[in-house]
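**Q** What follows is a predicted protein model with its sequence.
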Amino acid sequence: MRAPGTRSARGIIVWAALAIILAVPLSFAASSPQLEWRGPIYIAAGFAGVVGLALMLIQPLLIGGYLPGFTPYQARRVHRWVGTALVAAVVVHVAALWITSPPDVVDALLFDSPTPFSAWGVIAMWAVFLVAVMVALRGRLGLRPRTWRLVHTGLVLVIVAGTVIHSVLITGTMETLSKAALCALVIIATLKVIADIRFRPGKRNPQDGTIADAR
Amino acid sequence: MTDIKLNRRHLLTAGGAIVATGMTGLSLPATASGLAPTRSMRGGSNNYRPGAAIVDRIGGGGFWMSGTVRRAGDGTPLAKQRIQIWAHTTEGYESDPQSHGATLTDENGVFRLEMPQIVPAFGQPHAHLAYDSDDFKTVFLRPIMRSARQKSLEAHFVLTPA
């Protein structure tokens, strides 16, 4: 295990790769021709969704210990901050869509939307909020680490599946290929960290199951 | 057992058709299994603005919204029926007044209205259409474009008397 913060060649490559992987879909969305026909609030709504999807790639990388430069403790703290940012992105996404077209968002929230992707987005939204509530009440819930991890992982799978279906079915500001690639990476990273934690018990942090030294 | 069920279903279907035919004021026996009325689509009435003016064209045009209006049962084309159209286009949101317009069907029950290019909104490039006059039951449609590059879109109404 390298000392945290080491500016190793591998560290630079990993971070540069992540920066590029996230920058490509974000910049495609930021330069979408669709933006010409949208006002600032609608643009913000769409972009919050894209940012939320991007954050969902960072989350498993952090908790799996795949991002160099963090101690496991630091990685978990950053994971929590990124999680908070994800909640904020979801709130901005839904609120700004609501301002843009209230009846469409009401339909979506009531699972009465004609668009099949809306329901998936709403399911993922509730799962994100549930995780946030669980984190906020973690001390009071008194769940055993194993139970906590099971519930968290279950909700994460709902969030990832719901979000990926939601975004792939949408004709919006994201460019098709870069959207598909980002979605695929989110799925791969999520499944990898779940598999790593599940099948490498020796490396588990006994407190919460995060991998202590997988870097 | 199965036979009885099927028979009963047939009986109900035929009976329902006769009742429906009677209610629509159509007495042609040949239309017992006639054209069913179009049902409103989910989300069809979103951002509806009652009383959109009849216009020659919505905004600058470039995109054609067309379709037919017929009577349920016998499928008779309905002339002079007012159809309202709105969408998120290159010139405005669905909720913007300038995105709305109405047109009348011709003697063949056909309507055709030029409007600005529809662009994807809320995940799908789609239009909204309404029949909301007094003679027939109100119907809201929300047809979807297969591709955002399409330059035209069709929607068809089969109306049943109010």
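**A** Thanks, I have it.

**Q** How many neighbouring residues does residue 62 have?
**A** If you meant another chain, say so; for now it's chain A. The number of residues packed near residue A:62 is 24, by other Cβ atoms under 10 Å in any protein chain shown. (C-beta placed from N, C-alpha, C; glycine too.)

**Q** was after chain B, sorry
**A** When neighbours are defined as other Cβ under 10 Å, residue B:62 has 14 of them.

**Q** ranges for the helices of chain B?
**A** In order along the chain, chain B carries the following helices (DSSP state H): B:2-24.

**Q** so where's it uncertain?
**A** B:1-33 (pLDDT under 70).

**Q** Walking through it, point out its strands one by one.
**A** Remark: strands assigned in chain B by DSSP state E are B:63-71, B:82-87, B:100-104, B:110-115, B:127-131, B:139-141, B:152-159.

**Q** so can I have TSV of the ones you listed showing mean neighbour count?
**A** TSV is the format used below for the strands of chain B (neighbours: other Cβ atoms under 10 Å in any protein chain shown):
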stretch	mean neighbour count
strand B:63-71	21
strand B:82-87	25
strand B:100-104	21
strand B:110-115	20
strand B:127-131	24
strand B:139-141	22
strand B:152-159	19
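
**Q** Reformat the ones you listed as JSON lines; add distance to chain A.
**A** Shown next, in JSON lines, are those (distance: least, Cβ to the nearest Cβ, whole Å):
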{"stretch": "strand B:63-71", "distance to chain A": "13"}
{"stretch": "strand B:82-87", "distance to chain A": "11"}
{"stretch": "strand B:100-104", "distance to chain A": "14"}
{"stretch": "strand B:110-115", "distance to chain A": "14"}
{"stretch": "strand B:127-131", "distance to chain A": "11"}
{"stretch": "strand B:139-141", "distance to chain A": "11"}
{"stretch": "strand B:152-159", "distance to chain A": "14"}
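
**Q** Does chain B have contacts with the helix or strand harbouring residue A:85?
**A** Assigned by DSSP states H and E, residue A:85 falls within helix A:72-100. Yes. Contact between helix A:72-100 and chain B is present through A:97, A:100 (criterion: Cβ under 8 Å from any Cβ of the partner chain).

**Q** Contacts made by the helix or strand following that helix with the rest, please.
**A** Note on helix A:72-100: by DSSP H and E, the next helix or strand toward the C-terminus is helix A:102-109. Counting contacts by Cβ atoms under 8 Å, 6 or more residues apart in numbering or on different chains, the residues outside helix A:102-109 that touch it are A:94, A:97-98, A:113-115, A:118-119, A:121-122, B:42-43, B:45-47, B:122.

**Q** Also stretch A:43-58?
**A** In this structure, residues lying in contact with stretch A:43-58 by Cβ under 8 Å, 6+ apart are A:18, A:21-22, A:25-26, A:29-30, A:34-35, A:38, A:67, A:82, A:85-86, A:89-90, A:92-93, A:95-97, A:99-100, A:159-160, A:163, A:167, A:172-174, A:182-183, A:185-186, A:189-190.

**Q** Roughly how far does residue A:184 sit from chain B?
**A** Distance from residue A:184 to chain B, counting by Cβ to the nearest Cβ, to the nearest Å: 20 Å.
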